[in-house]
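> no FASTA, just this:
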């Protein structure tokens, strides 16, 4: 399976059907989903089957490895058919190398039995970041930046800036 997801012609397919509204949760170390489709749920498919996830705040984040200071990483956010959210960590590169074009960031490859609904990029400056341990609010101003992405399938192109 390629980064486009499980898209095997007229059959199957894993994709998010609308904007999931991925954002930092109200409580510390959480995420939230606030669909942007005028309803109150995120619609997605896994192997061609349609599922929904109600708008939800304060979703616990997957605990992953430490991201070092002055680095950039893409974190992929997925849902299972039961609506369980999980996060996968992408490759870690020096932020200066990414912005100069010396290296690039890749979205992680999702498993066949989940749907990628979005992700976020963390660029650290003065502190480390650990998903599920560090609050995203701590990565702000001088500490670094967090950028959120909603998508229907994992983007195939690497992030080069």
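Arrived safely. Because the structure is a prediction, the values reported are computed rather than measured.
> As a check, name the ranges of all strands in the chain.
Remark: strands assigned in the chain by DSSP state E are 15-16, 22-24, 30-33, 41-46, 49-54, 56-60, 66-67, 71-79, 85-89, 93-94, 115-124, 129-130, 144-150.
> Can you tell me how far the residue nearest the centre of the chain is from residue 21?
Per CA atoms, centre = their mean, the C-alpha nearest to the average position across the chain is that of residue 119, at 1.7 Å. Residue 119 sits 13 Å away from residue 21, taking CB to CB, to the nearest Å as the criterion. C-beta coordinates here come from the backbone N, C-alpha and C atoms, glycine included.
> show me what contacts the closest residue to residue 111 other than its chain neighbours?
Closest residue to residue 111 apart from its sequence neighbours, by CB to CB, 6 or more residues apart in numbering: residue 78 at 7.6 Å. Going by CB atoms under 8 Å, 6 or more residues apart in numbering, residue 78 touches 85, 86, 87, 88, 110, 111, 114, 115, 116, 117.
> Now which of those residues would you call buried?
85, 87, 88, 110, 111, 114, 115, 116, 117 (16 or more other CB atoms under 10 Å).
> Residue 132: which of the residues you listed is nearest?
Using CB to CB, residue 87 comes nearest to residue 132 of those, at 7.7 Å.
> Now do that closest one against residue 161, distance only.
Computed as CB to CB, the residue 87 to residue 161 distance reads 23 Å.
> Kindly report the same for residue 97.
Going from residue 97 to residue 161 by CB to CB gives 11 Å.
> higher neighbour count, those two?
Between residue 97 and residue 161, residue 97 has the larger neighbour count (other CB atoms under 10 Å), namely 14 against 8.
> And the more buried one, how far from residue 103?
Distance from residue 97 to residue 103, counting by CB to CB: 4 Å.
> just residue 46 next, same as before
For residue 46, the distance to residue 103 - CB to CB - is 32 Å.
> Which of these two has more residues huddled nearby?
Each of residue 46 and residue 103 has its neighbours counted (other CB under 10 Å); residue 46 has more, 22 against 17.
> re the thing from before, with distance to residue 138 and mean pLDDT as added columns, please give the strands of the chain in a markdown table.
Output for those, formatted as a markdown table (distance: least, CB to CB, whole Å; pLDDT from 0 to 100):
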| stretch | distance to residue 138 | mean pLDDT |
| --- | --- | --- |
| strand 15-16 | 28 | 94 |
| strand 22-24 | 11 | 95 |
| strand 30-33 | 13 | 96 |
| strand 41-46 | 26 | 94 |
| strand 49-54 | 26 | 95 |
| strand 56-60 | 17 | 96 |
| strand 66-67 | 12 | 97 |
| strand 71-79 | 15 | 97 |
| strand 85-89 | 17 | 97 |
| strand 93-94 | 20 | 97 |
| strand 115-124 | 10 | 96 |
| strand 129-130 | 8 | 96 |
| strand 144-150 | 9 | 94 |
